[in-house]
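In: model the structure of this input:
(3 chains)
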Amino acid sequence: MIEIRDVHKSFGKLEVLKGIDLDVEKGEVVCLIGASGSGKSTLLLCINALERIDRGKIFVDDIDVHSPQTNQDHLRRKLGIIFQQFNAFPHLTALNNVSLAPRKVLKMTTTDAQELAVQHLERVGLGDKVDQYPAQLSGGQQQRLAIARALAMNPDYLLLDEVTSALDPELVGEVLDTLRMLAQDGMTMIAVTHEMPFAREVADRVAFFHEGVIHEVGAAKDLINSPKKKRTQEFLGNIL
Amino acid sequence: MLFEYTFQWRVVWKHWPELVQGGILTLQITILSIILGLAIASVLAVLQDSKYQTARGIASTWVALARNTPALLQIYMAYFGLGAFGIHLSPYAAVLGAITFNNAGYLTEILRGGFNSIPASQKYAALGLGLSKNQAYVYVVLPQVLQAVFLPIMNQVIWAMLGTSLGMVIGLQELTGMTTFLQSQTFRPFEFYFIAACLYLVIAKLATVLAQLVAAYWFKGKATR
Amino acid sequence: MIYTFTTNDFWFMVQGAGITFVLTIASGFLGTVMGFLIGWARTAPNFLIYHLLGAYIDVIRSVPLIIQFVLFNSFMAILGYPLNPFISGLITLSIYISGYVAEVVKAGIESTPRVTRLAARGLGMTYFQDFYNIVLPIGVRTVFPAWTGLMLGLMKDTSLIAVLGATPPELLRASQIIINRIQEPLMILLGAGAFYFVMCYAITVFAKRYEQGWEQKKEIA
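Out: Here you go, the predicted model:
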């Protein structure tokens, strides 16, 4: 499980996280919602140590993420991360985008890694695109490529940072379908999202971020359908 | 009138072997100065991001001096100026040294531009997959940098080749210097310089076409940022 | 007898720097006008013009400037119109830089997206209204830094006019004349380098201020 305890984080004078507490159980899907700049994305980067934290602790399966004794490269294998801006590697084919990390990090043979990559590309519906470069793929396809790439490392958790925000509306569906499939397979996910229908349907719990703290957290349907706090009501009222 | 002048191309043909010899020297200095320049530029680019102010100072001084003074002045400096320190270079060493100095300055900027053109998110994405910092660098960042800097470096190669022609001024017999020597023997300046110009054009054109072929093959289908 | 650096020598170098400056401004102006026309012509949908002017640019950018100086000079002599070396050098410099300016101008004109031009034409603007009011302002802001870089390069390249023995001598030739007399190459060359450096730096600062003006007015995206 992931345990987040009193996490603080500043960029210069700007305090982005002002004491975050959150637990995510194995198999759970938690959506983080809230206005831009409320610190949701930063929290994701802190969970897999792509950003340092100033205070507090984060444990992933009882490993202290930010302790100097922790091998963070090692830790990140447990945590797949997918970004808003796909971040496909433009110089590699779809196949090599997915097989790079299994080869270099898990030390698989090229044949095994490519076999694994094909499996995962097929799983996200890109079986016919293995030899294409990212520039030849649509935004939705690039994002599914990024998902396949993360899944090939067989992570225990997936961190999703507004994965549909940069997509054209007609491409959002294909990516959400892929995520729905993963949730049904029991993948643990923490997703920053603006897709309320998706959050209501797929998430177990939803946390509302406001000005660097978790303002309200609860079961997905309850929080989205009948938020208790005023700020949450305002936010949901504005975007629904 | 133009028609009162009789062009004499045969005399150029007679000295063809010498011209080729000059051309080979031009190519040699060009290639050496680019290889050495790239090696120095790689160091300077790293120094520019150093935490030590002295290191940063050395790198940016080099770049500023190389880019803001004429290449001819740099050659004079190597050939005449260093004499004050008891260093007396041959014309060959002076031209090679000065063009290398010049290349290193421009190439440093090209390399830096290449690195800056790769978004930090690419490194994040690689680290997020569990790659170590070094692996992220070698397999994700560096290949993209090479792609970004390839054509600018090829432009610099052409520049270096044009720059070697300044060797003529201190008596080096590269293509331009050799041409100057030959025309002074035969008093046919137009014919000799015309043929030399054609040779430069052919070399530059060949290099450009070759570079484009390599780029087309190497970067096939990949995004160009 | 040992010669030393005199105040006269200093003023000789200042005068040389002035000549360098004049050469740069004059050939920069002529070359920019020529390059503008060439670059503009190359954006017209005409296969022949595109490739003919492309060949002109290719030749200019592949042949050392020294050779261009000598070739142009001896060509004019062959034609029966021998030119004063200074004038000949000035014309060669203008032709030379026009080849580089043409490529920058073409890039600038093409930096306005097609849809923007269509939008302008859709409002009823003529080709020239669109070109003058839309394409030109966008293009100038886009390629101004590249153009400044070309002018800096041109200033350094004026030193090559020395191969023609042009008088009055520009900065590097002037320095060499002094070196020949007092045999102190290092100090004089350092001095000449400082002159070039300061002039380049001044132009860079001036150009930056111009760009920042645009940026502050949010005229650059």
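In: what about residue 27, how many residues close to it?
Out: Defaulting to chain A. 13 (other CB atoms under 10 Å in any protein chain shown). Any C-beta I mention is one placed from the backbone N, CA and C, and that applies to glycine too.
In: um, chain B though
Out: For B:L27, the neighbour count with other CB under 10 Å is 16.
In: list the residues that contact it.
Out: B:L27 makes contact with B:M161, B:I203 under the criterion CB atoms under 8 Å, 6 or more residues apart in numbering or on different chains.
In: quick check: the gap between it and chain C.
Out: Note on B:L27: its distance to chain C, by CB to the nearest CB, to the nearest Å, is 14 Å.
In: which SSE is that residue in?
Out: Applying DSSP states H and E as the criterion places B:L27 in helix B:16-48.
In: how about that helix: buried residues?
Out: By neighbour count with 16 or more other CB atoms under 10 Å in any protein chain shown, helix B:16-48 contains the buried residues B:19, B:22-23, B:25-27, B:29-30, B:33-34, B:36-38, B:40-41, B:43-45, B:47-48.
In: then stretch A:127-147?
Out: A:129-130, A:132-134, A:137, A:139-147.
In: ok, now stretch B:208-221?
Out: For stretch B:208-221, burial by neighbour count (16+ other CB under 10 Å) applies to B:T208, B:A211, B:F219.
In: next step: these restricted to helices.
Out: B:T208, B:A211 (DSSP state H).
In: nearest to B:V140, of the buried residues of stretch B:208-221?
Out: B:F219 (16.0 Å; CB to CB).
In: what about the residue nearest to C:Y100 when sequence neighbours are not counted, distance to chain B?
Out: Leaving aside its chain neighbours, C:Y100 sits nearest to C:L150 (5.1 Å; criterion: CB to CB, 6 or more residues apart in numbering or on different chains). According to CB to the nearest CB, C:L150 and chain B sit 13 Å apart.
In: swap in A:A219?
Out: Taking CB to the nearest CB, one finds A:A219 at 29 Å from chain B.
In: same question for A:A191.
Out: Counting by CB to the nearest CB, the gap from A:A191 to chain B is 15 Å.
In: tell me which residue is most central in chain B.
Out: By CA atoms, centre = their mean, chain B has its centre lying nearest to B:A160, at 3.0 Å.
In: flag the shaky bits of chain B, pLDDT-wise.
Out: Across chain B, residues meeting the criterion (pLDDT under 70) sit at B:1-4, B:221-225.
In: could you pull out the strands for it?
Out: Remark: no strands are assigned in chain B by DSSP state E.
In: now the helices: where do they sit in it?
Out: B:10-14, B:16-48, B:53-68, B:71-79, B:91-116, B:120-128, B:133-135, B:142-164, B:175-186, B:189-218.
In: how much space between the residue lying closest to B:H88 once chain neighbours are set aside and B:F101?
Out: Using CB to CB, 6+ apart and skipping the chain neighbours, the partner closest in space to B:H88 is B:L82 (7.4 Å). For B:L82, the distance to B:F101 equals 12 Å [CB to CB, to the nearest Å].
In: which stretch of helix or strand covers A:F208?
Out: Using DSSP H and E, A:F208 falls in strand A:205-210.
In: what's that strand packed up against?
Out: In terms of contacts (3 or more CB pairs under 8 Å, 6 or more residues apart in numbering or on different chains; DSSP states H and E), strand A:205-210 is packed against strand A:29-34, strand A:213-219, helix A:220-225, helix A:230-239.
In: buried set for the second one?
Out: To tie it back to what came earlier, the one meant is strand A:213-219. Buried-residue list, strand A:213-219, by 16+ other CB under 10 Å: A:I214, A:H215, A:E216, A:V217, A:G218.
In: what's it in contact with?
Out: With CB under 8 Å, 6+ apart as the test, strand A:213-219 has contacts from A:18-22, A:34, A:204-209, A:223, A:227-229, A:231-232.
In: how about the longest one?
Out: Counting contacts by CB under 8 Å, 6+ apart, the residues outside helix A:230-239 that touch it are A:I33, A:G34, A:A35, A:H194, A:M196, A:F208, A:H210, A:H215, A:E216, A:L223, A:I224, A:P227.
In: chain B: which of the buried residues of stretch A:127-147 is nearest?
Out: A:Y133 (4.2 Å; CB to the nearest CB).
In: dump the lengthiest helix in chain A to PDB, restricted to CA.
Out: In chain A, taking DSSP H as the definition, the longest helix is helix A:169-184. In PDB, the C-alpha atoms belonging to helix A:169-184 read as follows (Å, rounded to 0.1, in the frame of the first residue of the first chain):
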ATOM      1  CA  PRO A 169     -12.300  15.000 -27.300                       C
ATOM      2  CA  GLU A 170     -12.900  12.100 -29.700                       C
ATOM      3  CA  LEU A 171      -9.700  10.400 -28.600                       C
ATOM      4  CA  VAL A 172     -10.400  10.600 -24.800                       C
ATOM      5  CA  GLY A 173     -12.700   7.500 -25.000                       C
ATOM      6  CA  GLU A 174     -10.100   5.100 -26.200                       C
ATOM      7  CA  VAL A 175      -7.700   6.000 -23.400                       C
ATOM      8  CA  LEU A 176     -10.400   5.800 -20.700                       C
ATOM      9  CA  ASP A 177     -11.500   2.400 -22.000                       C
ATOM     10  CA  THR A 178      -7.900   1.200 -21.600                       C
ATOM     11  CA  LEU A 179      -7.800   2.500 -18.000                       C
ATOM     12  CA  ARG A 180     -11.300   0.900 -17.200                       C
ATOM     13  CA  MET A 181      -9.900  -2.400 -18.400                       C
ATOM     14  CA  LEU A 182      -6.900  -2.000 -16.000                       C
ATOM     15  CA  ALA A 183      -9.100  -1.100 -13.100                       C
ATOM     16  CA  GLN A 184     -11.200  -4.300 -13.700                       C
END
